[in-house]
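Sequence below, structure please.
(2 chains)
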Amino acid sequence: MRDPATFDAFYSGSVHRLTGQLYAMTGSRAEAEDCVQEAYARAWQRWDAVSGYGDPEAWVRTVAYRVSVSTWRKAANMRAAHRRHGVPADARGLSPDYVAIIAALRQISPRQRQAIVLYHLVGLSVEEIARETGAATGTVKARLSRGRQALAPHLTEADPERPEPGLPEPGLPEPGLPEPGLEVRCDA
Amino acid sequence: MRDDLTGRLTTGSADFAATVRPASPEAIRARGNRRRRRQMLTAAALALAIGAGGAGTAYASLGQPGRAGHGAPATGPTPASSAATGSDRPDIVAVTAHGALVVLDPLSGEARRILVAAGVAGTGVSVSPDGRTAYFAARHGCQDEIESVPVTGGRPRMITPGVLPAVSPDGKKLAFARERPSGAPAGCGYPRRDDQVVVRALAGGQETVLTSGYGAARPVPATRLSWSPDSQRLLVTAGPAPDSGSWTLAVVDPATSRYYTPSVKNGGTLVPPGNGYYYRDAAYLPDGDLFVNRVCCTGTPHRTTSTLLLEIDPRGHLIHQVAIGFLDRVHTSLGADRSGHWLLYLSGPDLFLSLDGAAPFKLTTGLAAAAWS
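Got it, this is the predicted structure:
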């Protein structure tokens, strides 16, 4: 019998943290939120089993990451188009330093990014990352090492040419127009 | 490097996490329950299909967009799942590409009854909650009139000038769009004016009028109206704005709002589209969630890069992806039947149905608008 109370407590206690971790792994707020919600829905679907696991949060994080990878594959062209626009508009309100880190993470491979986030943000050991990702410890070490190497040039002092976060999204109504709402440009 | 990167990631992620506004646990559990139900239905349909004709039958008959059904003429085969659930599929009222209003057989897609032979505008059709009356727009000279006709057949009755009829779930109100009168006759070579969204009491005829709020200099036409399950709020799709080409999707309370493209300032609620997306069509589901066509574009001039049929909650969070639409088509007439199990939408002229959000199949083609009866 699935217990809604234990699920709700688990969800409320972990959803912010997991969404933050997925954001670091995907670089997209919308994608992180979508994938985390999907993973929690799947967790509730089989809550009898998941609630008995030693670390349900790791289960949700793994599922959310797999969902995101699947979405990535389906929408690779769409994301490539987004990336051409530079810093994502959903970075508004975040510190320039964090925006720089997210932008740097987007420059390395997804597996390296996953390893970096699990190690540096989630705080897992190499052995724990190996268990969570299904990779050998040597592979995890290599991903961490190469990921950090690849990140290094992107994490130096602030780049004066980097666009500032908080720039208006394309399609936001021009100042002075009456009664504007949140709008997005389209193929008019 | 671990200390430096760990510190920066941890601090930044904590700041980010503080900005996350997650869906309620109840909504997540509901989403999980829907997944569970869908998987059970799919398993049952597959079992039936295998029993009826072999393992390939169900896959071959589903006619998913982007697969074998693309561009196929006329009616495709009935999906395997209909053997289990077809009997509870309601009729469909549709406007054909040639301007006739018809009742379609929900299993075969064939026209079962012609309600109006010609002159019906393809902007939209709506059926009363008791399933007895269809509301549509008919062109008379240079003006569109909202009319009603019994679904069993009968004489159409004029109601008022307008388009995009949407009758409320309680059957008491009719929402529609109307060009703002300004002394000159509408249409027929005259420039388009600012639109109004009107809510009319079906019993007494009293009207509440909402404007775009932009004025006649920047008309933003409403393109789709849908009532919330409690008949209190309207979901309004509006666009494209003539200057920016932008679209909005807003939840509007006609009792308190003056505008159908509201901003936070004037009490409206916009459904957030997410980074880079916009909504081209949307309708309420019976549980209060939304069935939407979310489109994404890029480049100058703008180019569509994705068009998805999705179930989302009113805050824009994804619940379920129903289908991937065709990039070169407009997806319209999104709607659900009263049970919420059957979804319907038009992809260009093709009518697609989906049971509980499972892979849609093409029922028929040659339509301009459609709605569940």
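
Quick one: name the residues of the stretch 101-250 of chain B near chain A.
B:212-215, B:218, B:239-242, B:244-248, B:250 (Cβ under 8 Å from any Cβ of the partner chain). C-beta coordinates here come from the backbone N, C-alpha and C atoms, glycine included.

tell me the contacts of the closest residue to B:Val95 other than its chain neighbours?
Distance criterion Cβ to Cβ, 6 or more residues apart in numbering or on different chains; nearest residue to B:Val95, sequence neighbours excluded, is B:Ala369 at 4.2 Å. Counting by Cβ atoms under 8 Å, 6 or more residues apart in numbering or on different chains, B:Ala369 touches B:94-95, B:122-125, B:332-333, B:346.

nearest to A:Ala43, of the residues of the stretch 101-250 of chain B next to chain A?
When these are ranked by distance to A:Ala43 (Cβ to Cβ), B:Ala250 comes first, at 32.8 Å.

Can you tell me what sits against the helix or strand containing the closest one?
Secondary structure from DSSP states H and E places B:Ala250 in strand B:248-252. Contact with strand B:248-252 is made by A:181-183, B:197, B:210, B:220, B:228, B:233-239, B:259-262, B:268-271, B:273, B:278-279, B:282, B:292, B:314, as judged by Cβ under 8 Å, 6+ apart.

Touching, A:Arg42 and B:Gly32? I think so.
Yes. With contact defined as Cβ atoms under 8 Å, A:Arg42 counts as touching B:Gly32 (6.7 Å).

Skipping its backbone neighbours, what lies nearest A:Tyr53 in space?
A:Trp59 is the one closest to A:Tyr53 (Cβ to Cβ, 6+ apart), at 5.6 Å.

helix/strand/coil for that neighbour?
helix (DSSP: H, G, I helix; E, B strand; the rest coil).

wait, it sits on A:Ala49?
No. Shown here, A:Trp59 and A:Ala49 do not form a contact pair, counting by Cβ under 8 Å, at 9.3 Å.

Need the three-state assignment for residue 9.
As the question left the chain open, I've gone with chain A. Secondary structure, three-state DSSP: A:Ala9 is helix.

nope, chain B please
helix.

Contacts only, for the closest residue to it other than its chain neighbours.
Leaving aside its sequence neighbours, B:Leu9 sits nearest to A:Leu121 (Cβ to Cβ, 6+ apart; 4.5 Å). By Cβ under 8 Å, 6+ apart, A:Leu121 lies in contact with A:20-21, A:24, B:6, B:9-10, B:13.

Over to B:Ala117?
B:Ala100.

Determine the number of other residues adjacent to the nearest residue to A:Ser51 once chain neighbours are set aside.
Nearest residue to A:Ser51, sequence neighbours excluded (Cβ to Cβ, 6+ apart): A:Thr6, at 5.9 Å. Neighbours of A:Thr6 under the rule other Cβ atoms under 10 Å in any protein chain shown: 12.

Do you have the helices of chain B handy? List them.
Here chain B has its helices, by DSSP state H, at B:2-19, B:25-53, B:57-61, B:82-85.

weakest of those helices in terms of mean pLDDT?
Lowest mean pLDDT within these: helix B:57-61, a mean of 25.

Make sure B:Leu363 is actually in contact with B:Ala94.
No. Applying Cβ under 8 Å as the test, B:Leu363 and B:Ala94 come out as separate, 10.0 Å apart.

if I look at those two, which residues touch both of them?
B:104, B:351.

what separates the residue minimising distance to the centre of chain B from B:Arg113, distance-wise?
With distances taken as Cα atoms, centre = their mean, B:Leu334 lies nearest the centre of chain B, 2.7 Å away. Note on B:Leu334: its distance to B:Arg113, by Cβ to Cβ, to the nearest Å, is 24 Å.

again, but for B:Val93
B:Val93 sits at a distance of 9 Å from B:Arg113 (criterion: Cβ to Cβ).

who has more neighbours, those two?
Using other Cβ under 10 Å as the criterion, B:Val93 and B:Arg113 rank with B:Val93 on top: 26 against 14.

per-residue confidence for the nearest residue to the more buried one once chain neighbours are set aside?
Leaving out its chain neighbours, the residue that sits closest to B:Val93 by Cβ to Cβ, 6+ apart is B:Ala134, at 4.8 Å. Looking at B:Ala134, its pLDDT stands at 97.

what's near enough to touch B:Ala134?
By Cβ under 8 Å, 6+ apart, B:Ala134 lies in contact with B:93, B:101, B:115, B:125-128, B:148-151, B:371, B:373.

let's see 6 Å
Neighbour list for B:Ala134: B:93, B:127, B:149, B:151 [criterion: Cβ atoms under 6 Å, 6 or more residues apart in numbering or on different chains].

what pairs with the second one across the strands?
Under the criterion DSSP bridges, B:Val127 forms beta bridges with B:Ala134.

What residues sit buried inside stretch B:326-336?
Across stretch B:326-336, burial judged by 16 or more other Cβ atoms under 10 Å in any protein chain shown covers B:326, B:331-336.

Report the two of those separated the most.
Using Cβ to Cβ, the buried residues of stretch B:326-336 span at most 21.2 Å, a distance reached by B:Phe326 and B:Ala336.

if I read this right, the residue nearest to the centre of chain B contacts B:Ala283, doesn't it?
Yes. Here B:Leu334 reaches B:Ala283: they are 4.7 Å apart, a contact under Cβ atoms under 6 Å.

got any residues that touch both of those two?
Counting by Cβ under 6 Å, 6+ apart, the contacts common to B:Leu334 and B:Ala283 are B:Phe291.

what about the residue nearest to A:Ser51, is that helix, strand or coil?
State at A:Thr6, reduced to three classes by three-state DSSP: helix.

Now list the buried members of the contacts of A:Leu121.
Buried subset of the contacts of A:Leu121 (neighbour count, 16+ other Cβ under 10 Å): A:20-21, A:24, B:9, B:13.

ok, back up a step: if I look at the residue nearest to A:Ser51, how far off is chain B?
Computed with Cβ to the nearest Cβ, to the nearest Å, the distance linking A:Thr6 and chain B is 11 Å.

quick one, what contacts B:Pro161?
When contacts are counted by Cβ under 6 Å, 6+ apart, B:Pro161 touches B:143, B:145, B:178.

Could you export these as CSV, including pLDDT and neighbour count?
CSV is the format used below for these (pLDDT from 0 to 100; neighbours: other Cβ atoms under 10 Å in any protein chain shown):
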residue, pLDDT, neighbour count
B:Gln143, 78, 16
B:Glu145, 91, 19
B:Arg178, 87, 21
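
Quick check: which ranges of chain A have low pLDDT?
A:71-93, A:155-188 (pLDDT under 70).

Could you pull out the strands in it for me?
Ranges of strands within chain A: none, based on DSSP state E.

Spatially, which residue comes closest to B:Arg36, not counting chain neighbours?
Once flanking residues are discounted, B:Arg36 sits nearest to A:Gln45: 5.1 Å by Cβ to Cβ, 6+ apart.

That neighbour: neighbouring residues, count only.
Counted with other Cβ under 10 Å, A:Gln45 comes out at 19.

my guess is it meets B:Arg35, correct?
Yes. Assessed by Cβ under 6 Å, A:Gln45 is found in contact with B:Arg35 at 5.4 Å.
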